[in-house]
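**Q** No sequence on hand, only this structure:
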């Protein structure tokens, strides 16, 4: 029997988790992503000796399955806990600590949160194609083929998994040569998902000024402050040298969407001022350097119609990502990838290898 071929478009946490979960089957897996690296929005940048997680800031391991995966099945060298607790805050300045239970522990890696995706992809044994943007997909004679914008083709695949954000996946289907009876309901189901757009400002300081709060991260609880999330990257072991400071400042969705096309040099002074006010630290208003990320599809706020999407499984077409849940959390993407891999095994001839 020929080796089953599986294509996965999108090498974020969901796609990498699915590839990892398929590692013990007879299938040969191909991961394809437009970015320069795997892990999607769980991503890390470097600046000299500094590392900072500017998308997803950390992940929690609330499920035993996830704890086993991260601590035992994947390499655990460099896995670190965030050193201080988290809190929620209101626009009035009230901070409420989040209980430091095992389920609320915040994790990342010394090398950055993108290490999680790298470990999953490497352990999966999948073939990975990066910097590859997909233009369309085709189905012919029961198999799937994928065309990139640079003219390359991939496949045929017995099964195809799509993991980009729901609007991008819907656009891909709309631009592909698929029967309307198949594509139409899937596109509508994907359009049911909605997303917030966010600005992230990274504020860097050449020295550490006094901190007035004992917290690593501040999550806005009432939606009434321009900053939705603020955190100290130095509280992650290995990320920031001892004489420097980096703040990750993710602005509220409404604030971000009103200013989505504004240049970072206009956004940064405003963000820094709000950070200084929140932290009661005037020095925070004057960063020595600034970085920026504009996230068009930052956080899903409503789930896609998953019951409709699952109806494509007999055709060998599958979907995964945090849009299947409607919440932007690394564990949701991770679980979605693991779940879809189980569904792919159920619907395909992916016999376990001896």
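**A** Nice, thanks for sending it over. Everything quoted here is computed from the prediction, not taken from an experiment.
**Q** State the number of residues packed around the nearest residue to residue 156 once chain neighbours are set aside.
**A** Spatial nearest neighbour of residue 156, chain neighbours left out: residue 143 (3.6 Å); criterion: Cβ to Cβ, 6 or more residues apart in numbering. Just so you know, the C-beta spots here come from the backbone N, C-alpha and C atoms, and that holds for glycine as well. Using other Cβ atoms under 10 Å, residue 143 is surrounded by 16 other residues.
**Q** Please work out the average pLDDT along the longest helix anywhere in the chain.
**A** For the chain, the helix with the greatest residue count under DSSP state H is helix 330-347. Average pLDDT, helix 330-347: 95.
**Q** List the buried residues in that helix.
**A** Buried residues in helix 330-347, defined by neighbour count with 16 or more other Cβ atoms under 10 Å: 330-341, 343-345, 347.
**Q** what's the answer for stretch 297-313, then?
**A** Buried, per 16+ other Cβ under 10 Å, within stretch 297-313: 297-300, 303-306, 308-310, 312-313.
**Q** With respect to residue 153, which of those residues is nearest?
**A** Using Cβ to Cβ, residue 312 comes nearest to residue 153 of the buried residues of stretch 297-313, at 21.5 Å.
**Q** any idea which helix or strand carries the nearest residue to the closest one once chain neighbours are set aside?
**A** Ranked by Cβ to Cβ, 6+ apart and with sequence neighbours excluded, the top spatial neighbour of residue 312 is residue 186, at 6.0 Å. Taking DSSP states H and E as the criterion, residue 186 maps to helix 180-191.
**Q** after that helix comes which helix or strand?
**A** Moving toward the C-terminus from helix 180-191, the next helix or strand (DSSP H and E) is strand 194-205.
**Q** gap between the residue nearest to residue 312 and residue 166?
**A** According to Cβ to Cβ, to the nearest Å, residue 186 stands 10 Å off from residue 166.
**Q** more crowded one of these two?
**A** The neighbour comparison of residue 186 against residue 166 (other Cβ under 10 Å) goes to residue 166, with 28 against 24.
**Q** rewinding a little: touching, the residue nearest to residue 156 and residue 157? I think so.
**A** Yes. The pair residue 143 and residue 157 passes the contact test of Cβ atoms under 8 Å, sitting 6.3 Å apart.
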